[in-house]
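S.K.: Sequence below, structure please.
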Amino acid sequence: MGGLMTLREYLAQENPVRMPQVLLSEGEYQLSHYHGVIGLRVASVFLPAIDACYCVKEGNPRLYTIDQDGNPKSPSCFYLPE
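M.R.: Next comes the predicted model:
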């Protein structure tokens, strides 16, 4: 796994690192309210800088890709601040 970096560093990579830990800062993401999905509480997270939507599981700062129904799918490299 790669090292810890900011979103700005992640976007500026000339030689991208595979799966670094990218710690997002306030203002870099838009978090919706938590709701129940398949036995979990999740919230949608939109990252305007890359025009992508992810989800976060309650109590876990890591963002996950989502399937066509909005359910958590695969872990991403992005993390919310704790």
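S.K.: can you give me the strands in the chain?
M.R.: 4-6, 21-23, 30-31, 35-37, 40-47, 52-57, 62-66, 72-79 (DSSP state E).
S.K.: Of all those, which one is nearest Q13?
M.R.: strand 4-6 (8.3 Å; CB to CB). For the C-beta atoms, the positions are set from N, CA and C on the backbone; glycine is no exception.
S.K.: and the strands of the chain, which one is worst for confidence?
M.R.: Ranked by mean pLDDT, these bottom out at strand 35-37, with a mean of 83.
S.K.: Which strands or helices does that one pack on?
M.R.: Applying 3 or more CB pairs under 8 Å, 6 or more residues apart in numbering; DSSP states H and E, we find strand 35-37 packed against strand 40-47.
S.K.: coming back round to it: which one of the strands of the chain lies nearest to E14?
M.R.: Nearest of the strands of the chain (CB to CB): strand 4-6, 13.2 Å.
S.K.: follow-up on the earlier one: which stretch among the strands of the chain comes nearest N15?
M.R.: The closest of those to N15 is strand 4-6. By CB to CB, the value is 12.9 Å.
S.K.: Which strands and helices lie in contact with the closest one?
M.R.: Using 3+ CB pairs under 8 Å, 6+ apart, strand 4-6 sits against strand 21-23.
S.K.: and the residue lying closest to S76 once chain neighbours are set aside, how many neighbours?
M.R.: The shortest distance from S76 to any non-neighbouring residue, by CB to CB, 6 or more residues apart in numbering, is to L63 (4.7 Å). By the measure other CB atoms under 10 Å, the count of residues near L63 is 25.
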